[in-house]
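Novice: the sequence and its predicted three-dimensional model are supplied below.
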Amino acid sequence: MSTAVKKSAGRSWLSAIALILAVSLTPAAIITHWATSEVTNTQRFVATLSPLAKNPAVQETIITEVTGIIEKQVDIKEVTSSLFEGLGNALDLPDAAKKALGLLAAPAASGIESMVQTLVSDVVKSDAFAQAWDKTLTLTQEQTVALLSGNPDSVIKLANDGTLTLPLKPIIVEIKKELISQGVGFASAIPEVNTDITLGKVPELAAARVIYQVGVGVGTWLPWVVAALFVVGIAAARRRPRALAATGSVMLAVMALLAFAFTTGRIVATTVIDPNYSPIVGAVYDALVAFVLNVVIALAVASVVAIVAGWAFGLSESAEKFRGFSNKQIVALRKSVDPGDKVFAGSSVVMHQYRVVARVVIIGGIALILSAIVPLTAGDVFGWTIAGLVLLFAYEVLQRPVVKVAAKPAAAPAAAAPAAKATAAQKAPVKKAVAKKPVAKKSATGSTKPVAKKPATKKS
């Protein structure tokens with residue numbers, strides 16, 4: 001086997017191994033990156049879950065739970081009945097009047113319960129509650145990290161099956177303050193109990209905790225390793241366009257499977273739980289996995305871009321026609337921008353010499369910008385891809401190769417012309433004289449007879 005064949009086979013193996021590893025590690029890189037950038041970052045964590053305070057499903061669930069806790073801790077009907085009975089005794093009313101007064105206890109209790117529910121609803125839907133919600137998220141962010149890391153002191157609890165519970169104590173404290181400020185005297189008797197509300201069962205959170213514990217240390221550099229494997233795999237391929245298109249196709253299939261898995265997880269999470277909690281579970285699930293879904297969809301768009309790029313630079317007939325059409329457009333625009341090749345005469349040549357470096361810089365720069373966006377979205381990939389194409393097209397229009405003009409042969413000196421003619425005359429072939437045959441004369445009869453030559457007369 002020749003050395004060239006061995007090198008070609010080695011490049012093929014290197015490309016195949018690098019691309020297989022890159023595709024296989026992509027799901028783990030996505031989730032570990034989510035764990036390190038979404039969960040451990042307080043601002044991003046609060047920004048992700050803060051909209052839940054305005055979510056109607058979450059608000060209704062909290063109103064129902066908090067109202068139930070207040071009614072359970074403070075028996076409004078019993079308190080009202082005792083109040084009216086004590087009022088009758090204090091006024092020393094007759095028994096009939098006491099009974100009549102007692103009939104007002106039930107409507108009064110219902111009115112108080114309705115007032116409590118209204119006050120709780122107003123508090124939960126107010127801006128003050130949204131601010132309190134953000135404060136709670138900020139305080140519990142460390143608890144969330146403790147939750148995923150398996151810290152036993154975590155306030156938020158996550159069971160092995162993915163059941164997530166949220167403490168209501170901070171919320172009850174805020175509502176208690178608001179009730180007291182509204183003049184509800186018995187609100188001071190509401191105990192600040194550590195009651196938890198079950199948000200739902202999210203199996204992916206249990207898996208995320210395992211991945212967090214295993215991969216939080218590698219979440220900052222694993223995506224870069226995967227990116228490097230993709231670059232090595234494409235660069236080492238013998239036919240890079242084909243490798244790029246094939247990798248994009250496989251990545252698109254992997255992203256579709258991940259999106260299907262997360263979508264199915266939401267359906268499972270909202271159906272296996274109590275129907276009363278199904279809306280809030282869906283809202284919480286959407287908030288928690290929005291980061292991952294955005295990245296998955298963005299990578300799917302990037303995969304489509306890779307497939308199109310691989311086709312455009314491939315060997316198919318359609319790709320060749322596309323490139324021919326593009327080159328014509330570039331040449332036409334180049335002539336319209338600089339018809340006489342005077343404006344960019346100097347810079348165009350330099351740009352042509354470094355055209356490969358410029359292409360790598362543009363593509364690499366776009367890739368670095370996209371990698372710095374957290375979370376990455378499909379709009380980001382599409383927008384920056386268009387920007388990169390515009391830059392590449394502009395560079396191709398401005399750069400042009402050096403056109404070499406063939407040098408004309410130098411003219412001979414005028415003085416040498418006669419000598420050249422003489423030389424040519426000398427070299428011309430000399431024609432030999434050919435003896436003419438005697439012309440025959442015609443006789444009267446029409447026959448032709450040769451004329452005899454007369455003998456020369458000798459002079460005496």
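Specialist: That came in fine, so what should we check first?
Novice: CA only for contacts and neighbour counts going forward, please
Specialist: OK.
Novice: can you tell me the closest non-neighbouring residue to residue 16?
Specialist: residue 233 (6.6 Å; CA to CA, 6 or more residues apart in numbering).
Novice: the one you found and residue 13: what is the separation?
Specialist: 9 Å (CA to CA, to the nearest Å).
Novice: and stretch 362-375, what's buried?
Specialist: Across stretch 362-375, burial judged by 16 or more other CA atoms under 10 Å covers 362, 366-367, 370, 375.
Novice: go through the residues you listed and name the one nearest residue 33.
Specialist: Taking CA to CA as the measure, residue 33 lies nearest residue 375 of the buried residues of stretch 362-375, at 9.7 Å.
Novice: my read: that closest one touches residue 297, true?
Specialist: No: using CA atoms under 8 Å, residue 375 is not in contact with residue 297, being 11.1 Å away.
Novice: pretty sure residue 22 is touching residue 226, no?
Specialist: Yes: if you go by CA under 8 Å, residue 22 and residue 226 touch, sitting 5.0 Å apart.
Novice: returning to what we had before: average model confidence for the helix or strand the residue nearest to residue 16 falls within?
Specialist: Using DSSP states H and E, residue 233 falls within helix 222-236. The predicted model assigns helix 222-236 a mean pLDDT of 90.
Novice: re earlier: ok, the residue nearest to residue 16 - contacts?
Specialist: 14-19 (CA atoms under 8 Å, 6 or more residues apart in numbering).
Novice: go ahead and confirm residue 120 touches residue 67.
Specialist: Yes: the criterion here is CA under 8 Å, and residue 120 meets it with residue 67 at 7.0 Å.
Novice: could you name every residue contacting both of these two?
Specialist: Contact criterion CA under 8 Å, 6+ apart; no residue bridges residue 120 and residue 67 by contacting each.
Novice: those two: which is more packed in?
Specialist: For the pair residue 120 and residue 67, the greater number of neighbours falls to residue 120 (24 against 21), based on other CA atoms under 10 Å.
Novice: so which strand or helix has the more buried one?
Specialist: helix 105-124.
Novice: what about that helix, average pLDDT?
Specialist: For helix 105-124, the mean confidence score works out to 72.
Novice: same question for stretch 288-306.
Specialist: Mean predicted confidence for stretch 288-306 is 90.
Novice: for it, buried residues please.
Specialist: Buried, per 16+ other CA under 10 Å, within stretch 288-306: 288-289, 291-306.
Novice: circling back: so among the contacts of residue 233, which ones count as buried?
Specialist: By 16+ other CA under 10 Å, the contacts of residue 233 give 14-16, 18-19 as buried.
Novice: okay, those residues in CSV with secondary structure next?
Specialist: Shown next, in CSV, are these (DSSP: H, G, I helix; E, B strand; the rest coil):
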residue, secondary structure
14, helix
15, helix
16, helix
18, helix
19, helix
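Novice: pull the contacting residues for residue 21.
Specialist: 226, 229.
Novice: mind running it again at 10 Å?
Specialist: Residues in contact with residue 21 (CA atoms under 10 Å, 6 or more residues apart in numbering) are 225-226, 229-230, 233.
Novice: SS state for residue 400?
Specialist: Quick answer, by three-state DSSP: residue 400 is coil.
Novice: test my guess that it contacts residue 394.
Specialist: No: Residue 400 lies out of contact with residue 394 (CA atoms under 10 Å); the separation is 11.8 Å.
Novice: need the overlap of contacts for the two.
Specialist: Joint contacts of residue 400 and residue 394 (CA under 10 Å, 6+ apart) are residue 334.
Novice: biggest helix in this protein by residues?
Specialist: helix 278-312 (DSSP state H).
Novice: what helices and strands are in contact with that helix?
Specialist: In this structure, helix 278-312 packs against helix 3-34, helix 42-49, helix 56-73, strand 196-201, helix 203-215, helix 240-271, helix 317-337, helix 378-398, with contacts taken as 3 or more CA pairs under 10 Å, 6 or more residues apart in numbering; DSSP states H and E.
Novice: nearest to residue 131, of these?
Specialist: helix 42-49 (11.1 Å).
Novice: between the closest one and helix 278-312, how big is the angle?
Specialist: Angle, helix 42-49 to helix 278-312, by axes from the mean of the first three to the mean of the last three CA atoms, to 10 degrees: 110 degrees.
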